[in-house]
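> structure for the following, please:
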Amino acid sequence: MPGCRSSSSSSSRALEPQLQECSWSIQMKRGSARWYAFEIPADAAENMSVQIMARAVSGRITLALWGPGSDPYRSVPTQTGTNYMQWPGLRESDQDAAAAGGGHPSIASEQQYLFLARKDKPLLMGQYVVVVRADMGQPLVQIEVSTPSSMTQLVAEEQEALKDLISSCCPGLTRPDSSSDSTATPSAAGPITVTSAWCNTVGQAITYDLRQWYADICHVAPNVCDREGYLRRLMIPPYALRCPAFPRSLGRFRRLQQVDISYSTAPGTLADVAEVVGGLAQLEQLHLRGIGLKGPLSCEVVQQSRSLQSLSLSDNNQLSGTLPACWFESQSLQELQLAGLSGLKGPLPVVEGTSSDTSGSGTASDTRGTGRRLLSLANSVNSVHGSPQKRLLDEGLTPHHIRMLQAGPSGRYPTARAHTRALKAGSAVTSPCGFGQLMYINLAGVIGDAEQGLTGPLPSTLGLCKDLLYLDLSGHALSGALPPLPEQLQYVNLSSNALSDVLPDFAGSPELQYLDLSYNRFRGSISDLTVLQNLDWLDLSDNELSGALPPMPLTVRWVDLSNNQLTGDVDMNQQGVVKPGSEAELMLVLLNLSHNKLSGTLPVSLAVAPHLSFLDLSFNQLLGDLNTFSSALKPTNQMLQVNLSFNRLVGGVPEQMQLLAALRPVMVTMSDGITPVHR
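Here you go, the predicted model:
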């Protein structure tokens with residue numbers, strides 16, 4: 001494992017106790033896998049545990065481990081990674097809810113863990129193999145390995161802080177020898193307080209029974225302490241805590257880098273949260289999904305937590321109001337998740353540039369100069385030939401960025417006025433991006449909610465967001481045109497909004513893997529998509545798009561262009577998707593082109609698509625019969641559902657199609673336009 005080698009052992013793969021800051025990052029493609037081997041020598045097996053965390057952003061992964069004596073090529077894994085916490089006595093219902101991601105699903109990021117816990121017996125000696133496989137997208141994966149020593153103990157002051165947390169947030173907890181039921185305590189008014197499984201095991205051991213191995217949080221994965229016994233990672237399983245208010249005791253763990261108490265109960269405002277965590281100078285990740293936060297989306301947390309990189313407040317339905325621009329102005333924040341907030345409303349804040357810290361000698365004037373330089377560059381793009389364009393290149397802008405400044409969202413040349421507001425009162429522009437320095441933004445709304453959600457246009461300088469990889473603003477009421485997208489953007493979900501105008505040319509964003517613009521008001525034709533060689537998911541359904549089907553890459557697996565006004569035929573060969581004689585294989589699994597104005601005959605190219613399982617061409621103007629299509633089918637065909645109803649097809653369902661046992665149902669509208677045939 002990179003950076004995890006022991007300096008004292010003769011084996012380069014051997015792990016030693018008390019490894020810290022053993023981490024590395026890898027960029028993966030869907031379907032790829034990385035293998036890592038390590039050894040646990042005899043002299044370390046009795047003295048340590050092993051924790052492996054893999055955090056994936058913009059994709060999904062599987063984490064698996066094979067222990068000594070097992071063969072990764074011939075046997076199932078000894079252990080697979082989980083994205084929920086493994087605790088003594090954790091109920092299966094809690095595990096299922098946690099594994100499902102709680103309330104609002106998101107693939108912006110996920111974490112998986114493997115535990116080799118010493119507990120009450122030594123680890124097995126020998127070689128272990130860890131495999132990380134990319135299941136979806138092209139995830140950026142950060143892997144962290146820690147090997148806490150069995151001698152590590154939580155320092156005394158943090159033991160007291162943890163006891164205070166348990167005392168406040170585990171109501172009804174009693175001593176093990178208490179004659180009362182430890183899981184339920186009747187109150188004077190009658191209701192019963194149910195104590196969680198975590199409180200009844202870990203919480204009770206920490207408070208009353210120090211003989212248990214899990215009485216020290218340093219040895220309860222995935223929590224991690226440093227060599228000196230200070231807690232670095234605190235993760236409480238979902239639904240474990242029932243705090244009367246946001247726990248102030250969290251602020252006493254001074255070296256915390258990661259906190260996750262998602263889907264417990266810990267109500268309060270963001271000002272309350274900032275008061276507690278604002279003093280944690282090393283805090284990098286704060287995950288508080290669905291804990292009952294309420295009140296306005298104020299700025300205290302992002303302004304006071306100077307090292308914060310990842311903030312998740314999704315599924316706190318009582319957070320409400322407008323979204324201040326401060327959420328996009330942090331100099332450290334990379335990931336922001338505010339999904340499922342039904343009270344979020346008002347215009348989407350537009351940050352013309354990120355403000356630099358002007359404290360210190362010379363900084364203010366330097367950053368003002370940067371702002372003026374960008375202002376001058378923006379004014380230079382009215383001439384695209386000769387020295388002005390060369391000047392832009394000399395200033396470090398890529399050709400893609402130049403196109404963004406030249407074209408704007410609808411082919412119009414922008415003026416520099418949009419950049420001048422950020423220069424007022426001594427502020428400075430260091431980037432013209434409308435979302436600051438964020439890499440992952442998940443502000444998905446609640447689809448079907450009566451409230452409008454976020455309104456207004458997307459930032460016209462969206463294409464200049466050089467750091468942005470993931471953007472989900474679905475389920476709101478955003479309007480206006482879609483600006484050109486950033487060059488490195490991988491995931492875009494802007495579905496269920498009120499966006500309009502023509503689609504931009506996606507050739508400037510070749511890294512796109514997921515593109516969902518469904519349920520908007522886009523019009524015009526769809527440009528050639530073959531440049532998107534990583535595209536996996538394309539959903540442009542329920543718009544007002546017209547013209548012919550666009551050429552698409554072989555990699556795409558999900559295509560939904562239904563409920564538009566597309567014309568022409570459906571022959572994928574003619575569209576350049578599948579070239580005759582090509583060894584490349586079409587990966588298409590789902591194709592939905594229903595409710596359009598497509599014509600011509602049913603193409604053979606769809607019959608020979610090796611992975612196509614779901615085909616819907618209903619409500620079009622297809623002609624002819626099914627004989628040619630049927631004769632091209634093979635016994636290995638993967639068809640599961642086919643809908644050809646409400647077209648102008650004639651004849652019956654050929655025998656070859658009837659023999660495909662997996663085909664259910666086939667609906668073909670007869671020549672009278674009324675009578676369907678079911679097979």
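
> who does the lengthiest strand in the chain pair up with?
In the chain, ranked by residue count with DSSP state E as the criterion, the top strand is strand 126-146. Here strand 126-146 is paired, per DSSP bridges, with strand 22-27 (antiparallel), strand 33-40 (antiparallel), strand 50-66 (antiparallel).

> to residue 436, which of those strands lies closest?
Closest of the strands paired with strand 126-146 to residue 436 is strand 50-66, at 17.2 Å (criterion: CB to CB). C-beta: built from backbone N, CA, C; applies to glycine.

> please save the CA atoms from the closest one in CSV.
Presented in CSV, the C-alpha positions along strand 50-66 are these (Å, rounded to 0.1, in the frame of the first residue of the first chain):
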residue,chain,number,x,y,z
VAL,A,50,-6.7,-2.3,10.8
GLN,A,51,-9.2,0.2,9.4
ILE,A,52,-9.5,0.9,5.7
MET,A,53,-11.6,3.8,4.5
ALA,A,54,-12.3,4.5,0.8
ARG,A,55,-14.1,7.7,0.0
ALA,A,56,-15.4,8.0,-3.5
VAL,A,57,-16.6,11.2,-5.1
SER,A,58,-18.6,11.4,-8.4
GLY,A,59,-19.1,7.7,-8.6
ARG,A,60,-19.8,4.4,-6.8
ILE,A,61,-17.3,1.8,-5.7
THR,A,62,-17.1,-1.6,-4.1
LEU,A,63,-14.5,-2.4,-1.5
ALA,A,64,-13.6,-6.0,-0.8
LEU,A,65,-11.0,-7.9,1.2
TRP,A,66,-9.5,-11.4,1.0
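
> report the distance from it to the chain centre.
Mean C-alpha position of strand 50-66 versus that of the full chain (CA atoms, centre = their mean, to the nearest Å) differs by 14 Å.

> before we move on, what about stretch 128-142?
That offset, for stretch 128-142, works out to 14 Å (CA atoms, centre = their mean).

> for the record, mean pLDDT for that stretch?
Stretch 128-142 shows a mean pLDDT of 87.

> for the stretch 301-450 of the chain, give me the ranges with low pLDDT.
352-432, 448-450 (pLDDT under 70).

> hmm, 50 instead?
354-430 (pLDDT under 50).

> which outside residues touch stretch 443-458?
Applying CB atoms under 8 Å, 6 or more residues apart in numbering, the external contacts of stretch 443-458 come out as 104, 106, 323, 336, 338-348, 350, 409, 434, 472-483, 493-494, 496, 499.

> same thing with stretch 65-75?
35, 52, 77-81, 114, 116, 124-131.

> only the buried subset of the contacts of stretch 443-458, as a ChimeraX command please.
Buried subset of the contacts of stretch 443-458, written as a ChimeraX selection, criterion 16 or more other CB atoms under 10 Å:
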select :104,106,323,336,338,339,340,341,342,343,344,345,348,350,409,434,472,473,474,475,476,477,478,479,480,481,482,483,493,494,496,499
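
> helices along the stretch 51-200 of the chain, start to end?
92-99, 156-169, 197-198 (DSSP state H, counting those that start in this stretch).

> worst mean pLDDT among those?
When I compare the helices of the stretch 51-200 of the chain, helix 92-99 is least confident, with a mean of 39.

> next SSE after the lowest-mean-pLDDT helix or strand in the chain?
The helix or strand of the chain with the poorest confidence is helix 417-420; it has a mean of 34 (mean pLDDT, DSSP states H and E). Downstream of helix 417-420, the first helix or strand assigned by DSSP states H and E is strand 440-442.

> coming back round to it: buried residues, the longest strand of the chain. List them.
127-134, 136-146.

> next: stretch 112-131.
112-119, 123, 127-131.

> tell me the one of those residues nearest residue 317?
residue 112 (27.2 Å).

> just the helices in the protein please.
Taking DSSP state H to define them, one finds helices in the chain at 42-45, 92-99, 156-169, 197-198, 204-208, 270-277, 300-304, 363-380, 387-394, 399-407, 417-420, 604-607, 627-631, 655-658.

> mind listing what's buried in the last one?
Meaning helix 655-658. Neighbour counts using 16+ other CB under 10 Å place 656, 657 of helix 655-658 among the buried residues.

> now do the first one
Buried residues in helix 42-45, defined by neighbour count with 16+ other CB under 10 Å: 44, 45.

> which other residues reach it?
Residues outside helix 42-45 that contact it (CB under 8 Å, 6+ apart): 14, 15, 16, 17, 122, 123, 124, 125, 147.

> and the gap between residue 135 and residue 110?
Distance, residue 135 to residue 110, by CB to CB, to the nearest Å: 11 Å.

> returning to that earlier point: in TSV: the buried residues of stretch 112-131, plus distance to residue 518.
Output for the buried residues of stretch 112-131, formatted as TSV (distance: CB to CB, whole Å):
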residue	distance to residue 518
112	30
113	34
114	37
115	40
116	44
117	45
118	50
119	49
123	50
127	48
128	44
129	42
130	38
131	35
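
> so which two of these are the farthest from each other?
119 and 131 (24.3 Å).

> and the strands paired with strand 126-146, which is most packed in?
strand 50-66 (a mean of 23; mean count of other CB atoms under 10 Å).

> now that strand: average pLDDT?
Strand 50-66 comes out at a mean pLDDT of 86.

> what do you get for stretch 529-542?
For stretch 529-542, mean pLDDT rounds to 94.

> so for it, first residue to last residue, what's the gap.
For stretch 529-542, the separation between the terminal residues is 19 Å (CA to CA, to the nearest Å).

> run through the bridge partners of residue 265.
Applying DSSP bridges, one finds that residue 265 bridges with residue 242.

> residues near it, how many?
Residues near residue 265, counting by other CB atoms under 10 Å, number 16.

> tell me the contacts of it?
Listed by CB under 8 Å, 6+ apart, the contact partners of residue 265 are 169, 241, 242, 243, 291, 292.

> and for residue 292?
Each residue near residue 292 by CB under 8 Å, 6+ apart is listed here: 265, 266, 267, 268, 316, 318.

> what's the closest of those residues to residue 28?
Closest to residue 28, out of all of the contacts of residue 292 and judged by CB to CB, is residue 316, at 31.6 Å.

> what is the neighbour count of the closest one?
Counted with other CB under 10 Å, residue 316 comes out at 24.

> what about it, distance to residue 130?
In terms of CB to CB, residue 316 sits 35 Å off from residue 130.

> what of residue 601?
On the measure of CB to CB, residue 601 and residue 130 end up 52 Å apart.

> tabulate the strands paired with strand 126-146 (a markdown table), appending distance to residue 257.
Shown next, in a markdown table, are the strands paired with strand 126-146 (distance: least, CB to CB, whole Å):
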| stretch | distance to residue 257 |
| --- | --- |
| strand 22-27 | 12 |
| strand 33-40 | 23 |
| strand 50-66 | 12 |
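
> looking at these, spot the one closest to residue 202.
In terms of CB to CB, the element of the strands paired with strand 126-146 nearest to residue 202 is strand 50-66, at 16.0 Å.

> ok now stretch 618-631, how far from the chain's centre?
40 Å.

> next: stretch 294-307.
Relative to the centre of its chain, stretch 294-307 is centred 22 Å away, using CA atoms, centre = their mean.

> mind saving the C-alpha coords of that stretch as CSV?
Extracted C-alpha coordinates of stretch 294-307, given in CSV (Å, rounded to 0.1, in the frame of the first residue of the first chain):
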residue,chain,number,x,y,z
LYS,A,294,-33.9,24.3,11.8
GLY,A,295,-33.9,28.0,11.1
PRO,A,296,-32.2,30.1,8.4
LEU,A,297,-29.2,29.0,6.3
SER,A,298,-26.9,31.5,8.0
CYS,A,299,-23.2,31.8,7.3
GLU,A,300,-21.6,31.0,10.6
VAL,A,301,-20.5,27.4,9.9
VAL,A,302,-18.8,28.1,6.6
GLN,A,303,-17.2,31.4,7.8
GLN,A,304,-15.9,30.1,11.2
SER,A,305,-14.7,26.6,10.1
ARG,A,306,-11.6,27.7,8.1
SER,A,307,-10.4,24.2,7.3
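
> appreciated, that's everything.
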